[in-house]
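Visitor: What shape does this take:
(2 chains)
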2 protein chains.
Amino acid sequence: MSYSQRVGALLRQAGAEEGDYVKVVLDRSREYAGVLMPHHEFSDPDIIVLKLKSGYNIGLRMNEGARLEVLSKAVRKERPHRPANKSDERRRVGVLGTGGTIASYVDYRTGAVHPALSAEDLISAVPEMAELCQVEAKVVFSIFSENMMVEHWQRLAAEIADRLDSGDEGVIVPHGTDTMGYTAAALSFMLDDLPAPVVLVGAQRSSDRPSSDAYTNLISAARFCTSADAAEVFVLMHESISDTTAAVHRGTRVRKMHTSRRDAFQSVNEGPVARMDLDGKVEMLSPCRKRSSSKVKLRPAMEERVCLVQFYPGMSSSAFGALLRAHKGAVIAGTGLGHVSHELVHVIKDVVKEGIPVVMTSQCLNGRVNLNVYDTGRDLLSAGVIPGEDMLPETAMVKLMWALANSSDPEGTKDLMATNLRGEMSDRREA
Amino acid sequence: MSYSQRVGALLRQAGAEEGDYVKVVLDRSREYAGVLMPHHEFSDPDIIVLKLKSGYNIGLRMNEGARLEVLSKAVRKERPHRPANKSDERRRVGVLGTGGTIASYVDYRTGAVHPALSAEDLISAVPEMAELCQVEAKVVFSIFSENMMVEHWQRLAAEIADRLDSGDEGVIVPHGTDTMGYTAAALSFMLDDLPAPVVLVGAQRSSDRPSSDAYTNLISAARFCTSADAAEVFVLMHESISDTTAAVHRGTRVRKMHTSRRDAFQSVNEGPVARMDLDGKVEMLSPCRKRSSSKVKLRPAMEERVCLVQFYPGMSSSAFGALLRAHKGAVIAGTGLGHVSHELVHVIKDVVKEGIPVVMTSQCLNGRVNLNVYDTGRDLLSAGVIPGEDMLPETAMVKLMWALANSSDPEGTKDLMATNLRGEMSDRREA
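Guide: Model (predicted):
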């Protein structure tokens, strides 16, 4: 969807283009100045979006009588082309787009509109980034994140390894929020011995609403990449619904916990690894792997045929058995401490005997499974179930995909699942 | 497991029996007085459990040299049998056990040990209840809650309807916590026009730990039944990890969100309906159905063949299709606003054409699905998916079971799913 005829004409008459600094007068009492943002495919055709000095975006309805004038043309027109070169002292940060347009558009999933974006475009859309670092941007692919498959994780992991091998001091991965947690977990296991941080970043609010979180999240990610002594896969998003801090979550511990809030991403069973304020101050909150001169080891192999199954009362044991047998491994999100019905315990016992590993997690999400408390748990242990400890069900699923492809026998798979490899589980403590 | 020989002998010598008020001297500095609680099957054989005056339970290890004496015999021995009669002015409250021992044992899932409990036993174990109300207790069945099936929900609903028909002013249902949320949702839909509250109550801490939550939760449930002007199905559990307040959650909005914490049960997408302090004060926090003289309508029919499926990246479309076709209806926990991969949208389209209704909810749990924002959502709507609004995936599954059995055609099912029947969804607001 584009602008209405009337608003289109108004912009043309004013000579206003995306990126220009403009003044809008809606009526006698409402006047705004800001950077004209690209029109969003889902925006009302009469609404234009300005990025205010505060960093907030605001959508303005251009009713009859609204006026617009250009105060200054876009910075990019004046900025000389500046190729990356060795004399540039700014730290080099890679940006690997996975879907849609980064920075200009809040919703990366509208990629169909602007599927590719050059480093220069990015810099002009988020000029603060250019002051912080030398950005090397590339669009790896451009899909809605619910269409991410194992092959996308693998391509992305390879591109990240390339960027780090070539000396980038951090890699930012703008990503749709729907499956960002899954991708973060997958990259965590695929990338071993990381020398620098990999930061997935998304946005929950589209650009035609006030205070989109895309810009602050991207800037915070760039600051984290250039200043934090951390070398893991992280997800960086707003920490609260206000615009004051960003939270940096470990890639194996994070889950999207709200459909629309800007603080949708939450660390589960641990706190965020770091907090960043808008001034760029990084506060480390938990221990994490430090930067080093290590060379990243890429281990992208994954067994795709792994299922994640939530148990519920009355679940059909025949459908459950058929589902498990259509896969090479299964993660169950059981009830409470990690339980399923008596009937299903028998199915699991048979399936495990047939060589399909079954990992138990909890649909409670918070807390740890414990298969030693009740009869059902002990029966599950006897049946050969692997306790998922305090792993998220989604992380356990991704890890099982990886463990199956990176071990040579069932015992090896079990060992990998029981070992804390990327902070995905904590040691058992007395509850 | 029972007491060790040594501790057994110590108790016999002192003439101490369950329910007696005893003094225990562990050593020079540690002396306790309290009611001797029943021995728990999972307790260490050298540990005895006392209920202190504060209401807390404490487990005491009876090492060599520990002493015990009876200060006064159990109240029940002195209490005359008091049959329910019309001259009794206390409000009558039904207690319907679903598994294990209520009150004496914290973990209702240890039913095998003490499967039945009379009203008198209950009163002596939780004497405060007898001061509050006239308790009519019955053990309906005795199973681990992960073994609850639709037929158990139906039997329980019928028993509750009987109790309310006979004039009980509230019904308490002690229940294992694993599937208590599912049962609460099922009872919510099965019981229409409730004249009085139905309160499910559980416990997270076993009786051999200090500060078990069973007693305070049960007492709070009894107080709620006798004093609150509320007539829905609720879950009552600790509001926080401290022992000061209980939260009363709507049965269709509550989910177990921690494997072990006492405040594991949380209302999702709304706050608790009421808060109770230890003095018995009820603070109503949200509107709910009031008590009335209505006669409960029992609508226990349910279609069991409904599945709940969480979508994840790389999900096999053939396994997904086979699973859905093995059922009469499906609830999907999609990503974000309610999405699945492009491939699965096609499967859903076919399945819906074949007459299997598919309801979309979000694995984020918090927030509302919105199938109008992105292409994927619009494709799902075109495919005939029923938006689950802000319903919990688990509640949507239970509701679909009920809606399929209580409607005569697909349109009727869709209408029921789209209508807020028991507070399970809220009106769409501008986000």
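Visitor: Now do stretch A:313-332: distance to the chain's middle.
Guide: 29 Å (CA atoms, centre = their mean, to the nearest Å).
Visitor: Show the average pLDDT along it.
Guide: Throughout stretch A:313-332, pLDDT has a mean value of 97.
Visitor: now the end-to-end length of it.
Guide: Stretch A:313-332 has its terminal residues 14 Å apart, counting by CA to CA, to the nearest Å.
Visitor: Spell out the residue ranges of the strands in the stretch 51-200 of chain A.
Guide: A:57-61, A:67-72, A:91-97, A:133-139, A:171-174, A:191-192, A:198-201 (DSSP state E, counting those that start in this stretch).
Visitor: what's the fourth one packed up against?
Guide: Translated: strand A:133-139. strand A:91-97, helix A:119-125, helix A:214-227 (3 or more CB pairs under 8 Å, 6 or more residues apart in numbering or on different chains; DSSP states H and E). The C-beta positions use only the backbone N, C-alpha and C, and glycine is treated the same way.
Visitor: Could I get the average pLDDT for the longest one?
Guide: On average, the pLDDT along helix A:214-227 is 89.
Visitor: Next, the angle helix A:214-227 makes with the helix or strand following that helix.
Guide: The element immediately downstream of helix A:214-227 (helix or strand, assigned by DSSP states H and E) is strand A:233-238. On the basis of axes from the mean of the first three to the mean of the last three CA atoms, to 10 degrees, strand A:233-238 is oriented at 140 degrees to helix A:214-227.
Visitor: tell me the mean pLDDT for strand A:233-238?
Guide: 96.
Visitor: Not counting its neighbours along the chain, what's nearest residue A:219?
Guide: Nearest residue to residue A:219, sequence neighbours excluded (CB to CB, 6 or more residues apart in numbering or on different chains): residue A:128, at 5.3 Å.
Visitor: Quick one, which of the helices and strands packed on strand A:133-139 gets closest to residue A:347.
Guide: Residue A:347 sits nearest to strand A:91-97 of all these, at 41.8 Å, using CB to CB.
Visitor: Lowest mean pLDDT across the strands of the stretch 51-200 of chain A, which one is that?
Guide: When the strands of the stretch 51-200 of chain A are ranked by mean pLDDT, strand A:57-61 comes last with a mean of 79.
Visitor: So which elements touch it?
Guide: Short answer (3+ CB pairs under 8 Å, 6+ apart): strand A:57-61 packs on strand A:21-27, strand A:30-36, strand A:47-51.
Visitor: Chain B versus the residue nearest to residue A:219, what's the distance?
Guide: 28 Å (CB to the nearest CB, to the nearest Å).
Visitor: pLDDT weak spots in the stretch 51-200 of chain A?
Guide: Along the stretch 51-200 of chain A, the model assigns pLDDT under 70 to residues A:54-57, A:75-88, A:99-125.
Visitor: is the longest helix anywhere in chain A up against chain B anywhere?
Guide: When chain A is parsed with DSSP state H, its longest helix is helix A:150-165. Yes: counting by CB under 8 Å from any CB of the partner chain, chain B has neighbours in helix A:150-165: A:150, A:153.
Visitor: Give me the residues contacting that helix.
Guide: Outside helix A:150-165, the residues that touch it by CB atoms under 8 Å, 6 or more residues apart in numbering or on different chains are A:94, A:96, A:98, A:136, A:138, A:140-141, A:143, A:171, A:173, A:183, A:186-187, A:190-191, A:194-196, A:198, A:295-296, A:298, A:300, A:302, A:304, A:401, B:313-314.
Visitor: Of all the residues in stretch A:51-70, which ones are buried?
Guide: A:51, A:56-60, A:62, A:66, A:68, A:70 (16 or more other CB atoms under 10 Å in any protein chain shown).
Visitor: what's the closest of the residues you listed to residue B:214?
Guide: Closest to residue B:214, out of all of the buried residues of stretch A:51-70 and judged by CB to CB, is residue A:56, at 50.5 Å.
Visitor: tell me the SS of the nearest residue to residue A:384 once chain neighbours are set aside?
Guide: Distances taken as CB to CB, 6+ apart place residue A:352 nearest to residue A:384, at 3.8 Å, with adjacent residues excluded. Secondary structure assignment for residue A:352 (DSSP: H, G, I helix; E, B strand; the rest coil): helix.
Visitor: Same check on the one 4 residues further on?
Guide: On the three-state scheme (three-state DSSP), residue A:356 is labelled coil.
Visitor: how close does it get to residue B:400?
Guide: 29 Å (CB to CB, to the nearest Å).
Visitor: what do you get for residue A:62?
Guide: Counting by CB to CB, the gap from residue A:62 to residue B:400 is 45 Å.
Visitor: Could you do residue A:69 as well?
Guide: As judged by CB to CB, residue A:69 and residue B:400 stand 56 Å apart.
Visitor: Enumerate the beta-bridge partners assigned to residue A:330.
Guide: Beta-bridge partners recorded for residue A:330 (DSSP bridges): residue A:307, residue A:358.
Visitor: any idea how far it lies from residue A:357?
Guide: Shown here: residue A:330 relative to residue A:357, a distance of 8 Å by CB to CB.
Visitor: shared neighbours, these two?
Guide: Residues touching both residue A:330 and residue A:357 by CB under 8 Å, 6+ apart: residue A:400.
Visitor: where's the closest residue to chain B within the stretch 151-300 of chain A relative to residue A:376, distance?
Guide: Proximity of the stretch 151-300 of chain A to chain B (CB to the nearest CB) peaks at residue A:259, 3.0 Å away. The spacing between residue A:259 and residue A:376, counted by CB to CB, is 33 Å.
Visitor: for residue A:320, same thing?
Guide: 15 Å.
Visitor: cool, and residue A:130?
Guide: Distance of residue A:130 to residue A:376, computed by CB to CB: 58 Å.
Visitor: When these two are compared, which one has more neighbours?
Guide: More neighbours surround residue A:376 than the other of residue A:130 and residue A:376, with 26 against 19 (other CB atoms under 10 Å in any protein chain shown).
Visitor: Surely the more buried one is in contact with residue A:339?
Guide: Yes: between residue A:376 and residue A:339 there is a contact at 4.6 Å, judged by CB atoms under 8 Å.
Visitor: Touching both of the two, which residues are there?
Guide: With CB under 8 Å, 6+ apart as the test, residue A:376 and residue A:339 both reach B:144, B:146.
Visitor: Single out the most deeply packed of the helices and strands packed on strand A:57-61.
Guide: Of all the helices and strands packed on strand A:57-61, strand A:47-51 has the most neighbours on average by mean count of other CB atoms under 10 Å in any protein chain shown, namely a mean of 22.
Visitor: ok, and does that strand reach over to chain B?
Guide: No: contact between strand A:47-51 and chain B is absent, the nearest approach being 15.2 Å (criterion: CB under 8 Å from any CB).
Visitor: which neighbours does that strand have in its sheet, and in what orientation?
Guide: strand A:30-36 (antiparallel), strand A:57-61 (antiparallel).
Visitor: of those strands, which approaches residue B:3 most closely?
Guide: Nearest of these (CB to CB): strand A:57-61, 68.7 Å.
Visitor: the inter-axis angle of that closest one versus strand A:67-72?
Guide: Using the same axes, to 10 degrees: strand A:57-61 against strand A:67-72 is 150 degrees.
Visitor: contacting residues for the most centrally placed residue in chain A?
Guide: Chain A has residue A:180 as the residue nearest its centroid, 3.5 Å off, counting by CA atoms, centre = their mean. Applying CB under 8 Å, 6+ apart, we find residue A:180 in contact with A:145, A:200, A:202, A:235, A:256, A:265.
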